[in-house]
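coords please:
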Amino acid sequence: MHDPRTLAQTQPLILGGRTVAAYIWRPHLPNTLSPRPYLHPVRTLNGTPVTEAMPPDHLHHLGASLAIPDAGGANFWGGRTYVRDQGSIPLPNHGIQRHHRWETRTDTVLAHELHWIGPDRTALLRERRRIAARPLDHRAWALDFRYTLHNLTTEPLHISSPGAKGRTGAGYGGFFWRAPRGHGDTTVHGPGTTGADHLNGTTTPWLALRNNGPTPWTLILINQAPQHDPWFVRGDDYLGAGPALAWTKPLTAAPGDGPQRRIITVVADGDLSPRAIEGLVEAIAASPAPREA
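Numbering: from 1, shown residues only. The predicted model follows:
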């Protein structure tokens with residue numbers, strides 16, 4: 001039996017002759033996973049993988065991707081759907097993010113338009129997405145992920161989450177990075193704070209995932225949006241994080257409107273110290289924004 005990922009269409013991101021990420025822009029996946037473009041594997045400059053895709057515990061976790069559990073009633077996250085007072089149940093409501101056209105396609109910048117299609121084949125959202133890779137120093141590079149969503153319907157469109165439906169601490173939905181636990185210990189670290197439980201739901205400007213195994217690595221997720229969305233973080237049952245669009249209440253997009261966000265992820269070799277992490281965060285803050293594609 002073929003692995004469905006081998007039938008997908010992929011574009012690499014390349015820095016200094018090294019492939020640092022594969023962008024699967026036209027996936028071949030079961031409908032229940034809410035098929036969508038995703039980055040996997042993402043690697044450090046030394047080649048250590050720092051994403052996980054389709055893990056046994058959550059098959060719908062696809063490396064680094066943009067995923068929303070409820071947009072206009074459609075599930076663009078994958079898996080079960082959380083229903084208030086009922087819990088997570090399987091529903092035939094999965095949507096798909098479909099590539100529409102390329103705007104830029106180079107070794108370091110990928111920009112394209114996508115259409116978010118509901119289970120009834122109605123186009124609910126149009127997205128413009130820009131992904132860029134750039135080197136930082138000998139140990140780290142930065143993945144710059146920007147997106148703008150536009151409501152294509154004639155009515156207000158509600159973006160929601162389990163957290164907005166009463167499930168405390170589970171307001172996930174938006175850019176999400178599923179990381180491998182690997183060997184060694186993993187630590188979730190934020191400004192002056194350590195531990196996933198302490199960071200889940202906070203609005204710190206950045207957080208870091210650190211692994212001290214045989215090939216140690218550090219990820220620093222920096223929320224560039226002025227809204228400073230709350231972080232959804234997991235560090236016990238699995239390792240993953242991302243800023244949440246609808247943490248405790250739905251986000252409503254008027255016709256033609258929608259959220260615009262930017263997340264920069266520093267991908268580094270080594271289990272970096274808090275001081276080194278803060279230095280990289282400061283370097284990102286001091287660097288100019290890349291030119292629009």
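
Run through who's touching stretch 114-129.
37, 66, 71-74, 76, 92-100, 103, 111-113, 145-153, 157, 258 (C-beta atoms under 8 Å, 6 or more residues apart in numbering). No exception for glycine: its C-beta is placed from N, CA and C like everyone else's.

first to last residue in stretch 100-111, what's the distance?
Stretch 100-111 has its terminal residues 11 Å apart, counting by C-alpha to C-alpha, to the nearest Å.

Same question for stretch 157-165.
With C-alpha to C-alpha, one end of stretch 157-165 sits 16 Å from the other.

any idea how far that stretch is from the chain center?
17 Å (C-alpha atoms, centre = their mean, to the nearest Å).

same check, this time on stretch 54-72
For stretch 54-72 - counting by C-alpha atoms, centre = their mean - the centre lies 9 Å from the chain centre.

Provide a list of residue ranges in the stretch 151-293 of the chain with pLDDT below threshold.
Residue ranges of the stretch 151-293 of the chain with pLDDT under 70: 288-293.

which stretches of it form helices?
Ranges of helices in the stretch 151-293 of the chain, per DSSP state H, counting those that start in this stretch, are 196-199, 274-286.

Looking at these, which one is packed in the most?
Per residue and on average, the most neighbours among the helices of the stretch 151-293 of the chain fall to helix 196-199, with a mean of 18 (mean count of other C-beta atoms under 10 Å).

Which strand residues bridge the residue lying closest to Thr108 once chain neighbours are set aside?
Nearest residue to Thr108, sequence neighbours excluded (C-beta to C-beta, 6 or more residues apart in numbering): Ala133, at 5.0 Å. Taking DSSP bridges as the rule, Ala133 bridges to Leu143.

residues touching Ala133, list them.
13-15, 20-21, 108-109, 141-144.

Write the ChimeraX selection for whichever of those residues are buried.
Buried members of the contacts of Ala133, defined by 16 or more other C-beta atoms under 10 Å, are picked up in ChimeraX with:
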select :13,15,20,21,108,109,141,142,143,144
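
Just the closest of the contacts of Ala133 to Leu33, please.
In terms of C-beta to C-beta, no member of these lies closer to Leu33 than Ala21, at 19.9 Å.

Name the helix or strand for the closest one, please.
strand 18-26 (DSSP states H and E).

Mind checking what helix or strand follows that strand in sequence?
That would be, after strand 18-26 and using DSSP H and E, strand 38-42.

The helices of the stretch 151-293 of the chain: which one's closest to Leu245?
helix 196-199 (17.4 Å).

Tell me what Trp217 is bridged to.
Listed by DSSP bridges, the beta-bridge partners for Trp217 are Asn211, Asp269.

returning to what we had before: out of the contacts of Ala133, which comes closest to Gly163?
Leu143 (25.8 Å).

What does the pLDDT read for the closest one?
With respect to pLDDT, Leu143 scores 98.

quick one: contacts for it?
When contacts are taken as C-beta under 8 Å, 6+ apart, Leu143 is in contact with 13, 21, 39, 42, 64, 131-133, 264-265, 267.

what do you get for Arg36?
27, 62, 65-67, 76, 96-97.

ranking the residues you listed by neighbours, who comes first?
Leu62 (30 neighbours; other C-beta atoms under 10 Å).

correct me, but it touches Leu33?
Yes: counting by C-beta atoms under 8 Å, Leu33 is a contact partner of Leu62 at 7.2 Å.

Overlap of the contact sets of the two?
Joint contacts of Leu62 and Leu33 (C-beta under 8 Å, 6+ apart) are 54, 78.

The helix or strand that contains Arg129 vs strand 38-42, what angle?
Per DSSP H and E, Arg129 falls inside strand 123-135. Between strand 123-135 and strand 38-42, the angle comes out at 20 degrees (axes from the mean of the first three to the mean of the last three C-alpha atoms, to 10 degrees).

buried set for strand 123-135?
124-133.

when you compare where it runs with where strand 18-26 runs, what's the angle?
Going by the same axes, to 10 degrees, strand 123-135 makes 170 degrees with strand 18-26.

on that earlier part again, now tabulate the helices of the stretch 151-293 of the chain in a markdown table and tack on distance to Pro243.
Below are these laid out as a markdown table (distance: least, C-beta to C-beta, whole Å):
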| stretch | distance to Pro243 |
| --- | --- |
| helix 196-199 | 12 |
| helix 274-286 | 15 |
